[in-house]
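*Asks:* using only what follows, build the 3D model:
(chains A, B, C and D)
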2 protein chains.
Amino acid sequence: MSENPDPPIFSPVTRDALSQKVARMLTDAIMSGKLKPGTRVSESVIARDLGVSRAPVREAGRLLESAGLLISHPNRGFFVRTMDSEDLDSLYELRLAIECEAAARLVRQGPQEVIPLLRKQMEQMIALASSGEIAAQVQADMHFHRLMIEGCGNRRFVSVFKKVASEIQLGVALIGHVNDAPDNIARNHEMIITALDSGDEEAARAAMRYHIGIARTAVVAHFQRLEAGGGHPENPAS
Amino acid sequence: MSENPDPPIFSPVTRDALSQKVARMLTDAIMSGKLKPGTRVSESVIARDLGVSRAPVREAGRLLESAGLLISHPNRGFFVRTMDSEDLDSLYELRLAIECEAAARLVRQGPQEVIPLLRKQMEQMIALASSGEIAAQVQADMHFHRLMIEGCGNRRFVSVFKKVASEIQLGVALIGHVNDAPDNIARNHEMIITALDSGDEEAARAAMRYHIGIARTAVVAHFQRLEAGGGHPENPAS
DNA sequence: TCAAGGAAAATTGTCGACAGTATACAATTT
DNA sequence: AAATTGTATACTGTCGACAATTTTCCTTGA
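*Replies:* Prediction:
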């Protein structure tokens, strides 16, 4: 880890594509609940509103589609992704499969380099716990898990988790609050770190199973209560 | 699985979006090796060749990107996805995680309805084994696994597997041939069916581990040999 | 009152054009 | 000769316009 031979005076100027700005706006609108599940996201309307042509909006739509925040129907355009509790549940099940495997892999190859990163991220989470910003808390939580998965060395796990994470973030945003005390959640990650550090592959797996299981039952139960109350507009599928 | 209630006299006229036709063409070209990994896929060139505008080509590009067959660099366009053996290996590892979980889930919820489908698909594979068409054989193989995953009831597993499958198909296409005798491969799926039928969750998991492990070592080893021989052009990343 | 039908409006799919950006190569300087 | 600069070319990002399709809404008939 030495200095670059050519000392970097300038960092690359952020010449962000228009489509990415649009994507960010849409993501914010969806995550903040300004765009509710099932509502149409019309290219032309968004383009008019933002004062750009339809091309970058379309592009942004495709991007969010592959992130799982929008879905598209041919000739009908984009709609904000709807979720039912089964959706969310299957999401957690996928997460479980990926993360157990990642944790095991990480133990197998030696987690010494990754554990400090995880610990630091957990501090971050504890710091965030007192702020009421659940979106930021959830994001920090996801980042912890992402660090672990990145550390395990399987690129594929990372890309799958990215999509899973964004969808789970959406689900939690729809619920609007978390069940457990935020600093409790943060501190619970200590268990994962300990398990990873123990060198016991099966213990690591078990820790992940436990941790994700808690989140799963809490979030899914919340969501079901929301469904029972008739919380969400439905998907206008044929 | 009965007949549709509305007897389908006419199938929907193929009013397929232009972009999907383009996507099919590109997929074929990539899978058949006419477009080699790393080569540029220029919107404008493809558009000229096919006699359409760039818009549908762009759309098709994004589609294949999310299928993992193309990658895009900002302001530089699309390139055929390159693969190294580690890529392929991580792909099989992901597959392993998903399919073990799917098999276990399927056993847990009772596989009675799915097993006949699997058996039928295996017959299909055996029938295909004598034809030299490896692409079709691989596709049939993937379809078997897809049926199992669809049967397990977790939607998310299916969508992940779709992507995994298309990438593995690409990898195998690059190799150009399979190691084992095709009818052997086909018949090996009998073991999976038996395990699923046994009602033993752990047996089902073990069967998947075994099955995918075989394929993994064979394919990855082949690919490494190919790499050593300097088979593929490299990705022109910066 | 409600269902079916049919224009009218709105929206997506596709097109061709232009501007901004990257790459290759020639010209220039050291 | 090597490195740097300038230039030409090809390509993507974005735009506005038109065609095809879907959606809306109003009419019509029972």
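*Asks:* surely A:Leu128 touches A:Asp183?
*Replies:* No - between A:Leu128 and A:Asp183 there is no contact under C-beta atoms under 8 Å: 9.2 Å. Bear in mind the C-beta positions are built from the backbone N, C-alpha and C, glycine included.
*Asks:* between the two, point out the one with more neighbours.
*Replies:* A:Leu128 (20 against 15; other C-beta atoms under 10 Å in any protein chain shown).
*Asks:* tell me the secondary structure at A:Arg58.
*Replies:* Following DSSP: H, G, I helix; E, B strand; the rest coil, the label given to A:Arg58 is helix.
*Asks:* just list the residues touching it, thanks.
*Replies:* By C-beta atoms under 8 Å, 6 or more residues apart in numbering or on different chains, the residues touching A:Arg58 are A:Glu43.
*Asks:* pLDDT score for it?
*Replies:* pLDDT for A:Arg58: 97.
*Asks:* from A:Leu18, how far off is it?
*Replies:* Remark: distance between A:Arg58 and A:Leu18 (C-beta to C-beta, to the nearest Å) = 11 Å.
*Asks:* who are the contact partners of A:Ala103?
*Replies:* A:Ala103 neighbours (C-beta under 8 Å, 6+ apart): A:Met148, A:Cys152, A:Ile192, A:Ala195, A:Leu196, A:Ala204, A:Arg205, A:Ala207, A:Met208.
*Asks:* so the one helix or strand the last one maps to, near chain B or not?
*Replies:* So the one you mean is A:Met208. Secondary structure from DSSP states H and E places A:Met208 in helix A:201-228. No - interface with chain B: helix A:201-228 contributes nothing (C-beta under 8 Å from any C-beta of the partner chain), its closest point being 11.3 Å away.
*Asks:* what's the closest non-adjacent residue to the residue nearest in space to the middle of chain A?
*Replies:* When C-alpha atoms, centre = their mean is applied to chain A, the residue found nearest the centroid is A:Ala165 (2.4 Å). The shortest distance from A:Ala165 to any non-neighbouring residue, by C-beta to C-beta, 6 or more residues apart in numbering or on different chains, is to A:Met142 (4.4 Å).
*Asks:* doesn't A:Glu167 make contact with the one you found?
*Replies:* No - A:Met142 is not in contact with A:Glu167 according to C-beta under 8 Å; the separation is 10.7 Å.
*Asks:* neighbour count: these two, which is higher?
*Replies:* Shown here are A:Met142 and A:Glu167; by other C-beta under 10 Å, A:Glu167 has more neighbours (21 against 18).
*Asks:* mind listing what the more buried one touches?
*Replies:* Contacts of A:Glu167 by C-beta under 8 Å, 6+ apart are A:Ala67, A:Gly68, A:Leu69, A:Arg81, A:Met83, A:Leu91.
*Asks:* touching, the second one and A:Gln169? I think so.
*Replies:* Just to be clear, that refers to A:Gly68. No - A:Gly68 lies out of contact with A:Gln169 (C-beta under 8 Å); the separation is 10.0 Å.
*Asks:* okay, buried residues for the helix or strand harbouring A:Glu99 please.
*Replies:* Remark: A:Glu99 resides in helix A:85-109, with elements defined by DSSP H and E. Buried positions in helix A:85-109, judged by neighbour count with 16 or more other C-beta atoms under 10 Å in any protein chain shown: A:85, A:87-107.
*Asks:* mind checking how far the residue of chain A found nearest DNA strand C is from chain B?
*Replies:* The minimum distance from chain A to DNA strand C, using C-beta to the nearest atom of the strand, falls at A:Gly77 (2.9 Å). Between A:Gly77 and chain B the distance is 13 Å, computed by C-beta to the nearest C-beta, to the nearest Å.
*Asks:* retrieve the pLDDT associated with that residue.
*Replies:* In this model, A:Gly77 is scored at 96, pLDDT.
*Asks:* and for it, the neighbour number?
*Replies:* So A:Gly77, with other C-beta under 10 Å, has 16 neighbours.
*Asks:* contacting residues for it?
*Replies:* A:Gly77 touches A:Arg40, A:Val41, A:Ser42, A:Glu43, A:Gly61, counting by C-beta under 8 Å, 6+ apart.
*Asks:* try 10 Å
*Replies:* Contact partners of A:Gly77, counting by C-beta atoms under 10 Å, 6 or more residues apart in numbering or on different chains, are A:Arg40, A:Val41, A:Ser42, A:Glu43, A:Ser44, A:Val45, A:Arg58, A:Gly61, A:Leu70.
*Asks:* how about the strands in chain A?
*Replies:* A:40-41, A:70-73, A:77-80 (DSSP state E).
*Asks:* can you tell me which of those is most buried?
*Replies:* strand A:77-80 (a mean of 20; mean count of other C-beta atoms under 10 Å in any protein chain shown).
*Asks:* partner strands of that one and their direction?
*Replies:* strand A:40-41 (antiparallel), strand A:70-73 (antiparallel) (DSSP bridges).
*Asks:* any part of it near DNA strand D?
*Replies:* No - Strand A:77-80 stays clear of DNA strand D (C-beta under 7 Å from any atom of the strand), getting no nearer than 8.2 Å.
*Asks:* run the chain-centre distance for that strand.
*Replies:* 20 Å (C-alpha atoms, centre = their mean, to the nearest Å).
*Asks:* same question for stretch A:119-127.
*Replies:* The chain centre lies 17 Å from the centre of stretch A:119-127; the measure is C-alpha atoms, centre = their mean.
*Asks:* show residues contacting it.
*Replies:* Contacts of stretch A:119-127 with the rest of the structure, by C-beta under 10 Å, 6+ apart, involve A:136-137, A:139-141, A:143-148, A:182-183, A:185-190, A:192-193, A:197.
*Asks:* mind listing what's buried in it?
*Replies:* Neighbour counts over stretch A:119-127 (16+ other C-beta under 10 Å) mark A:Gln121, A:Met122, A:Met125, A:Ile126 as buried.
*Asks:* sort out which one of those lies nearest DNA strand D for me.
*Replies:* For the buried residues of stretch A:119-127, the closest approach to DNA strand D (C-beta to the nearest atom of the strand) belongs to A:Gln121, at 32.5 Å.
*Asks:* check contacts around A:Ser166.
*Replies:* By C-beta under 10 Å, 6+ apart, the contact list for A:Ser166 reads A:Thr27, A:Ile30, A:Met31, A:Leu64, A:Ser66, A:Ala67, A:Gly68, A:Leu69, A:Arg81, A:Met142.
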